[in-house]
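Asker: For reference, the sequence and a predicted model appear below.
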Amino acid sequence: SFDLTPDIGQRGEHVLRFDLDSHYPGREKLEKLGRVWGIPHTRAIIEEVYEAVSAWRTEFALFGVSNEDTVRFIEIDRRILC
């Protein structure tokens, strides 16, 4: 499981913990952890997940999520760039 869920509470915390760190790890750290954990093709997996998540706004619209609720998740865009 991979989590790009934004920090709606603004505490600077990441929901999942990677390497005992509660802050969002970003692509570089995720790739490093993948190599340490022996996961093959780590970079390709990370890119695939980020690409899939990048369409989040379209998916929200397709499922009728209101603009008010969509704005609450705007941080996803920043995390995709990291």
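Answerer: Received, thanks.
Asker: Could you report the distance from residue 53 to residue 38?
Answerer: When C-beta to C-beta, to the nearest Å is the yardstick, residue 53 and residue 38 sit 24 Å from each other. (Each C-beta comes from the backbone N, C-alpha and C, glycine too.)
Asker: out of those two, which sits in the busier spot?
Answerer: residue 53 (17 against 7; other C-beta atoms under 10 Å).
Asker: What is the neighbour count of residue 35?
Answerer: 12.
Asker: for residue 32, that is, sorry about that
Answerer: Residue 32 has 14 nearby residues by other C-beta under 10 Å.
Asker: Residue 38 versus that one, what's the distance?
Answerer: Taken as C-beta to C-beta, the span from residue 32 to residue 38 is 12 Å.
Asker: again, but for residue 79
Answerer: Residue 79 sits at a distance of 25 Å from residue 38 (criterion: C-beta to C-beta).
Asker: Output the below-cut-off pLDDT ranges for the chain.
Answerer: The model of the chain has pLDDT under 70 over residues 1-23, 82.
Asker: go with 50
Answerer: Applying pLDDT under 50 to the chain flags the ranges 1-2.
Asker: Let me see the ranges of the helices in it.
Answerer: Residue ranges of the helices in the chain, as given by DSSP state H, are 26-36, 42-53, 56-62, 67-71, 75-81.
Asker: Residue 50 against residue 81, yeah?
Answerer: No - with contact defined as C-beta atoms under 8 Å, residue 50 does not count as touching residue 81 (9.2 Å).
Asker: State the number of residues packed around residue 79.
Answerer: Neighbour count for residue 79, taken as other C-beta under 10 Å: 19.
Asker: Please report how far residue 52 lies from residue 36.
Answerer: From residue 52 across to residue 36, the span is 24 Å (C-beta to C-beta).
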